[in-house]
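Asks: sharing a model prediction with you, sequence too.
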Amino acid sequence: MALPLAFFGVFFGYPVAAIVARGLKADGRWQFGRIGEVLGDPHTAEVVWFTTWQAAASTALTLALALPAAYVFARLEFPGKRLLRAVVTVPFVLPTVVAGSAFLALLGRGGLLDELWGVRLDTTVWAILLAHVFFNYAVVVRTVGGLWGQLDPRQEEAARVLGAGRFAAWRKVTLPALMPAVAAAALMVFLFTFTSFGVIQILGGPRYATLEVEIYQQTAQMLDLPTAAVLTLVQFAVVAVLLLVHAWTVRRRETALRLVDAARTARRPRGAGQWALLASVLAVIGLLILLPLAVLVLRSLDGPDGYGFTFYRALASAGDNGGTFVTAPLEAVGNSLTYALAATAIAVVVGSLAAAALTRRGGRLVRGFDALLMLPLGTSAVTVGFGFLIALDEPPLDLRTSWILVPLAQALVGVPFVVRTMLPVLRAVEPRLREAAAVLGASPLRAWREVDLPLVGRALAVAAGFAFAVSLGEFGATVFIARPDHPTLPVAVARLLARPGELTYGQAMALSTVLMLVCAAALLVLERVRTDRTGEF
């Protein structure tokens, strides 16, 4: 636990504490009265209410649309299932600015709905809710579907033999077993939507602001650090409670059930009901996930002279973006790949050590450590990014001008994915194998290298792939610390969308398409490598 704790202490706890202290201290004294002033402001109450309301609505809508898909992926066998599972997961690893761009191309000015029926939904709450479902659909499918596929169907069949109807057997046998996974998925969706930033920025317009957006505006635009610090504490408190509840639900799911091989529980659809359910799920996936991505690609090809690669060619020139970039936008691809590879290396080392520590069940200390690892997913990335600039600017940690600053911020987001991917596999390793190696004279390091590593090698590769994908799309912190001459792909997309004009909009769509294809390619490779389906992600 030493290295992960040191990493999170220096590159997460210290920057967040520094930004909060900068906001709440004046002349060396704490100004706690500022907390009451900010919390008593009616505007703060409006922001907190909208943040909570839209997160709850997004979570309910995601569960309603994704739970049938979780059943389909868990219990039904059909051609193209693995490919479709990968496609469903693509939005989750996409940067939020790309998801926002896809829905902007579908719902915004000149979008598909606008051209066909004259309807625009951008700057409305419906665009935000649909984009959140698009982004979090895979969380429910993977978390609930992964467990559903491992539940022994004979328990439900036994209830039906004893006289229970189909619905009663499902409600009394399967649903209670699924509830920890449903609760865990709902908490994760609520967490991601509660801290939403890129989607709100692009689709919400000036009318809507979550806590994360308000923190960004108070920090970057109004330079009101005291207000930003108080809002950060509010968000931090809510996220901490959510993560503690989430850790409890995960423990229940891991310890309360006897599971079977998921490959033995899926079968071809039988009866009109199952075929109708499969068709409806495929229709939802087509409309909610494939259509926005397809429209994004089409908008990137729809140039002033008809369909072609005009916008893609413009990405190669620094002079074709209205002065938005010092260098050509296409150079952001190389920057992002370099940063993401470095962040992946850091996340794999830190996350693997953390996952190994969590396999040694050690009571409250380990449970608290588990919650700590998840905090970066829910803490304001804007606060972390600005905290990097404030805290890491003096020896011996004077990193403000160093390129490593971006990978460090990205690795904070990648570590939880490494832990959640590695943990179920590490816990499945039979401890007697290590004990036998020790009896035969192997050191702990050699036992890990020759016993654990061969068994978890695939999971390690999948963890590295997920860390790479999420690092590639990190936006909230990177927007603060990426140098103007070395932007990442998400930062470049956001800069292009912020400028008016058909050319910059088309370039944003083209760059978003490039990023989508890179993430999709990485995910398809992961699905071919992956054998274990029990991981959180």
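Replies: Received the coordinates, thanks.
Asks: every contact and neighbour count from this point should use C-alpha atoms.
Replies: OK.
Asks: where do the helices sit along the stretch 301-450 of the chain?
Replies: Counting by DSSP state H, counting those that start in this stretch, the stretch 301-450 of the chain has these helices, from start to end: 310-314, 331-359, 364-378, 381-391, 405-428, 431-439, 444-447.
Asks: and of the ones you listed, who's closest to G273?
Replies: helix 405-428 (34.1 Å; C-alpha to C-alpha).
Asks: same question for the closest one: list its buried residues.
Replies: 405-426 (16 or more other C-alpha atoms under 10 Å).
Asks: by contact count, what packs against that helix?
Replies: Other elements packing on helix 405-428 under the criterion 3 or more C-alpha pairs under 8 Å, 6 or more residues apart in numbering; DSSP states H and E are helix 331-359, helix 364-378, helix 381-391, helix 453-473, helix 478-481.
Asks: dump the helices of the stretch 301-450 of the chain to CSV, plus distance to K25.
Replies: Output for those, formatted as CSV (distance: least, C-alpha to C-alpha, whole Å):
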stretch, distance to K25
helix 310-314, 48
helix 331-359, 33
helix 364-378, 24
helix 381-391, 14
helix 405-428, 25
helix 431-439, 51
helix 444-447, 47
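Asks: between the ones you listed, which gets nearest to Q274?
Replies: Closest to Q274 of those, according to C-alpha to C-alpha: helix 405-428, at 30.9 Å.
Asks: just give me the longest helix of this protein.
Replies: As assigned by DSSP state H, the longest helix anywhere in the chain is helix 42-75.
Asks: which strands and helices lie in contact with that one?
Replies: helix 125-148, helix 175-194, helix 211-216, helix 271-285.
Asks: L377: which of those is closest?
Replies: In terms of C-alpha to C-alpha, the element of the helices and strands packed on helix 42-75 nearest to L377 is helix 175-194, at 7.5 Å.
Asks: pass me the low-pLDDT residue ranges in this protein, would you?
Replies: Filtered on pLDDT under 70, the chain yields the residue ranges 27, 246-247, 249-264, 318-327, 361-364, 366-367, 527-537.
Asks: still on that earlier bit, of the helices of the stretch 301-450 of the chain, which is nearest R171?
Replies: Closest among the helices of the stretch 301-450 of the chain, using C-alpha to C-alpha: helix 405-428, at 27.3 Å.
Asks: from the chain's centre, how far out does that closest one sit?
Replies: Taking C-alpha atoms, centre = their mean, to the nearest Å, the mean C-alpha location of helix 405-428 is offset from the chain mean by 12 Å.
Asks: can you give me the angle it makes with helix 453-473?
Replies: If you take axes from the mean of the first three to the mean of the last three C-alpha atoms, to 10 degrees, helix 405-428 sits at 150 degrees to helix 453-473.
Asks: kindly export helix 405-428 (C-alpha atoms) in CSV.
Replies: Provided in CSV are the C-alpha atoms of helix 405-428 (Å, rounded to 0.1, in the frame of the first residue of the first chain):
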residue,chain,number,x,y,z
LEU,A,405,2.3,16.8,-15.3
VAL,A,406,-0.4,15.7,-17.8
PRO,A,407,0.3,11.9,-17.5
LEU,A,408,0.2,12.2,-13.7
ALA,A,409,-3.2,13.8,-13.9
GLN,A,410,-4.4,11.2,-16.3
ALA,A,411,-3.0,8.3,-14.3
LEU,A,412,-5.2,9.4,-11.3
VAL,A,413,-8.2,8.5,-13.4
GLY,A,414,-6.7,5.4,-14.8
VAL,A,415,-5.7,3.7,-11.5
PRO,A,416,-9.3,2.9,-10.4
PHE,A,417,-9.9,1.1,-13.7
VAL,A,418,-6.7,-0.9,-13.2
VAL,A,419,-7.8,-1.8,-9.7
ARG,A,420,-11.3,-2.8,-10.6
THR,A,421,-10.1,-5.0,-13.5
MET,A,422,-7.3,-6.7,-11.6
LEU,A,423,-9.0,-7.2,-8.3
PRO,A,424,-11.5,-10.1,-9.1
VAL,A,425,-8.7,-12.0,-10.9
LEU,A,426,-6.2,-11.6,-8.1
ARG,A,427,-8.7,-12.7,-5.6
ALA,A,428,-9.4,-15.8,-7.7
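Asks: please renumber so the chain begins at 885
Replies: Right, with 885 as the first residue, what we last looked at is helix 1289-1312.
Asks: just want the angle from that helix to helix 1265-1275.
Replies: Using the same axes, to 10 degrees: helix 1289-1312 against helix 1265-1275 is 120 degrees.
Asks: got the angle between helix 1289-1312 and helix 1248-1262?
Replies: Going by the same axes, to 10 degrees, helix 1289-1312 makes 140 degrees with helix 1248-1262.
Asks: next, the angle from helix 1289-1312 to helix 1215-1243.
Replies: Inter-element angle recorded for helix 1289-1312 and helix 1215-1243: 40 degrees (by the same axes, to 10 degrees).
Asks: helix, strand, or coil at V1003?
Replies: coil (DSSP: H, G, I helix; E, B strand; the rest coil).
Asks: what about the spatially closest residue to it that is not a sequence neighbour, distance to V1302?
Replies: Once flanking residues are discounted, V1003 sits nearest to L997: 5.4 Å by C-alpha to C-alpha, 6 or more residues apart in numbering. As for L997, its distance to V1302 is 39 Å (criterion: C-alpha to C-alpha, to the nearest Å).
Asks: cool, T1263 as well?
Replies: With C-alpha to C-alpha as the criterion, T1263 and V1302 are 18 Å apart.
Asks: burial count for A940?
Replies: 20 (other C-alpha atoms under 10 Å).
Asks: what is the end-to-end distance of stretch 968-988?
Replies: 24 Å.
Asks: typo on my end, it should be stretch 1167-1177
Replies: 15 Å.
Asks: which SS class is P1384?
Replies: Quick answer, by three-state DSSP: P1384 is coil.
Asks: list the contacts of the nearest residue to V1354 once chain neighbours are set aside.
Replies: Nearest residue to V1354 in three dimensions, chain neighbours excluded: V977, at 5.6 Å (C-alpha to C-alpha, 6+ apart). Going by C-alpha atoms under 8 Å, 6 or more residues apart in numbering, V977 touches 1350, 1353-1354, 1357, 1403.
Asks: among those, who's most crowded?
Replies: A1353 (28 neighbours).
Asks: tell me how far it lies from L1225.
Replies: 10 Å.
Asks: who touches both of the two?
Replies: By C-alpha under 8 Å, 6+ apart, no residue touches both A1353 and L1225.
Asks: among the helices and strands packed on helix 926-959, which is nearest F895?
Replies: Proximity to F895, assessed across the helices and strands packed on helix 926-959 by C-alpha to C-alpha, is greatest for helix 1095-1100 (19.5 Å).
Asks: what is the next helix or strand after the closest one packed up against?
Replies: The helix or strand immediately downstream of helix 1095-1100 is helix 1109-1139, counting by DSSP states H and E. Here helix 1109-1139 touches helix 898-908, helix 917-923, helix 1059-1078, helix 1095-1100, helix 1248-1262, going by 3+ C-alpha pairs under 8 Å, 6+ apart.
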